[in-house]
Structure formats: C-alpha cells, structure tokens
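Take this sequence and fold it.
(chains A and B)
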Amino acid sequence: MNAHNMDANIPVLFRSYESLEPHPNCKIWEAARATSAAPAFFKHIEIGRAQPYIDGGLGRNNPSRVVLDEAKRLFGARHIRCLVSIGTGRAETISIKKSGGFGQIVATDIFDTLKAITSDCEATHEAMLGLFSNLPETYFRLNVDQGMQGIDFSKWERLSNVEAHTTQYLRRAEVVDKVVSLANVIEIMKPQLTIEQLGAEEPHLSV
Amino acid sequence: MDVDVAINHYDTLVQHVFSHPKRWQGDGKFKATNLEEAMKATIRDAIGDSEAHLLEQDVDTCCRT
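Next up is the predicted model:
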C-alpha cells in the first residue's frame, strides 16, 4: 500500500505478470519488503520515485476481495473454478502475552496490531462466505483455528508447535472433507462460475 | 521452491529478523535491514539472483513462488 494513500485505503498490486494497470517495475525483494512493512514492526520502504510503501494493513490482510477484483479485470466473463484462501490462524486462538518476559519488550501496539489483523481477516472471510453462499464448492478457506494458544510472540523459534497444530487441524474430519473436495474441484478442471455471478460488487473503498 | 524448502527458509528468516528487537523502536520494533538481508538470501537460493525483477518476461522459465 502506498503510504501517501493510506486514507483512501487503495492497495497497490505487485504483479509478476503483464497487466493493463500501471504498476511499479520493482525487484522481488522490494515487493516482499513492501508487503511486510507492518507499521509497528518495520519501517516503510521506498520504491522507484521515492514512493513509500507500507503493508496493506487493516482491511487488506485477507486479500480475497482484492483477488476477486483482479480476476474480474483479467478474466472478465471467463469461467473460474474456485477461490482458495489460506489463513495464518484465528484471532482468539493466537494469544500474545501482554506482560511478563518478552511481553514487556513487545509493546501493546504490536499486540493490538496482530489482534486487529486476525479479526480483519475473519471479517473478510465472513463476507466471502456470504458472497459464495449459493455456489457450492467454489470457496475454500483453510485456517488453523485451534491450538495456537501456546505460540506467543516470543516463541517464534518453536515452529515445530505450529507444525503440530497444523497437522492436527488437517486431521479433523470436516477439514479432511474440505481438502478432498477442493482437490476434486481442482483436478476435474471444471469451470464453475464467472466473477459476475458473485453478484453486486462491493464498493472498492469499503472495508 | 517446494514446501519443505520454503519452511526451512522461513525458519532461517524469522530467526534472523526477530531474534533481536531494536533498542530504539521509533519506526518499527525490528530492523528492516535484517529482513531485507534474509529475503535477498532466500531469493538468491531460489533463482540465483537476489536483485531479480518481479515482472516475469517469459512465464515458462520458472516458478518463483
């Protein structure tokens, strides 16, 4: 996101493919750095003509809506199969200690940022569920929603725990079903819907 | 880059970036230069050139995900 346009909340898309939309011809690491520049964590990055970029932040952490808009521009009336959304854990299950130990170093603005990011992702997910509700097997969201309580911010070195919780999540019956039907949808290459079918598009600026 | 390699790179990256919070935290709690170093190392390992451009000239050449 261009830091100057924060109020308008207009995301900048870094594309690896040609597009009619103007976009910065940047390096891979610059794009990666821009999308990681969450204000409480890292300072912004300047790309090209000193345009400062910061992480998409609130409203754009779950990019499903942005992806749909882009797909509409790219594919127009052509059919697509499905939208697959992969989350990084749910707000109420990723607990970050506010006090004690490392928590004293991690300021509350980081805590608040992480909390806001995750709840923001869930809000977008809910909106997608509504949008796709009449079209079975077109929207798939995978997100480890339990068991991350032990993984606080100071425990980044314990990635094995994240792996264990993820494995556990993937074993759950309803998740197994979801993954199987997702694999089927992808495998049969069946065009299922057009973006237009998803009904009225939300105004681009609403979050 | 396959999933296992990606996880290994992530492991290395978070260690490099989050091990040492900055003493002065005005514009972010962690050093952006550490993040840049780690990202460039990952890109170099994946495609050989840490300064490669994002826009792919020939989509058939390689997968950069």
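
So A:Leu13 belongs to a strand, correct?
No - checked against DSSP: H, G, I helix; E, B strand; the rest coil, A:Leu13 lies outside a strand; its state is coil.

Low-confidence stretches in chain B?
Residue ranges of chain B with pLDDT under 70: B:58-65.

And the helices in it, which stretches?
B:3-18, B:32-47 (DSSP state H).

residues in chain A within reach of chain B, list them.
A:14-18, A:25-33, A:36-37, A:39-45, A:105-107, A:110, A:156-157, A:159 (Cβ under 8 Å from any Cβ of the partner chain). Every C-beta, even on glycine, is put in place using the N, C-alpha and C of the backbone.

Drop anything exposed from those.
Buried members of the residues of chain A next to chain B, scored by 16 or more other Cβ atoms under 10 Å in any protein chain shown, are A:14-15, A:26-33, A:36-37, A:39-45, A:106, A:110, A:156.

Narrow these to those in strands?
In strands, judged by DSSP state E, the following of these are found: A:Ile45.

any idea how far A:Glu70 is from A:Glu18?
Distance, A:Glu70 to A:Glu18, by Cβ to Cβ, to the nearest Å: 13 Å.

sorry, back to before: next, format the helices of chain B as JSON lines and append mean neighbour count and distance to A:Arg78.
Formatted as JSON lines, the helices of chain B follow (neighbours: other Cβ atoms under 10 Å in any protein chain shown; distance: least, Cβ to Cβ, whole Å):
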{"stretch": "helix B:3-18", "mean neighbour count": "14", "distance to A:Arg78": "29"}
{"stretch": "helix B:32-47", "mean neighbour count": "18", "distance to A:Arg78": "30"}
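
With distance to A:Leu135 as added columns, please give the ones you listed in JSON lines.
JSON lines is the format used below for the helices of chain B (distance: least, Cβ to Cβ, whole Å):
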{"stretch": "helix B:3-18", "distance to A:Leu135": "29"}
{"stretch": "helix B:32-47", "distance to A:Leu135": "36"}
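
In TSV: the ones you listed, plus distance to chain A.
As requested, the helices of chain B are arranged in TSV below (distance: least, Cβ to the nearest Cβ, whole Å):
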stretch	distance to chain A
helix B:3-18	5
helix B:32-47	4
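
What is the burial count for A:Glu187?
Using other Cβ atoms under 10 Å in any protein chain shown, A:Glu187 has 8 neighbouring residues.

Enumerate every residue touching it.
Listed by Cβ atoms under 8 Å, 6 or more residues apart in numbering or on different chains, A:Glu187 has no contact partners.

I'd like the distance between it and A:Ser181.
10 Å.

Can you name the residue of chain B nearest chain A?
Residue of chain B nearest chain A, by Cβ to the nearest Cβ: B:Asp27 (3.8 Å).

residues in contact with the nearest residue to A:His79 once chain neighbours are set aside?
In space, not counting the residues next to it along the chain, A:His79 is nearest to A:Pro191; the distance is 3.2 Å by Cβ to Cβ, 6 or more residues apart in numbering or on different chains. Taking Cβ under 8 Å, 6+ apart, we find A:Pro191 in contact with A:Arg78, A:His79, A:Ile80, A:Arg81.

could I get the residues you listed as JSON lines with secondary structure?
As requested, the contacts of A:Pro191 are exported to JSON lines (three-state DSSP):
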{"residue": "A:Arg78", "secondary structure": "coil"}
{"residue": "A:His79", "secondary structure": "strand"}
{"residue": "A:Ile80", "secondary structure": "strand"}
{"residue": "A:Arg81", "secondary structure": "coil"}
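
Can you tell me which of the residues you listed are buried?
Looking at the contacts of A:Pro191 with 16+ other Cβ under 10 Å, the buried ones turn out to be A:Ile80.
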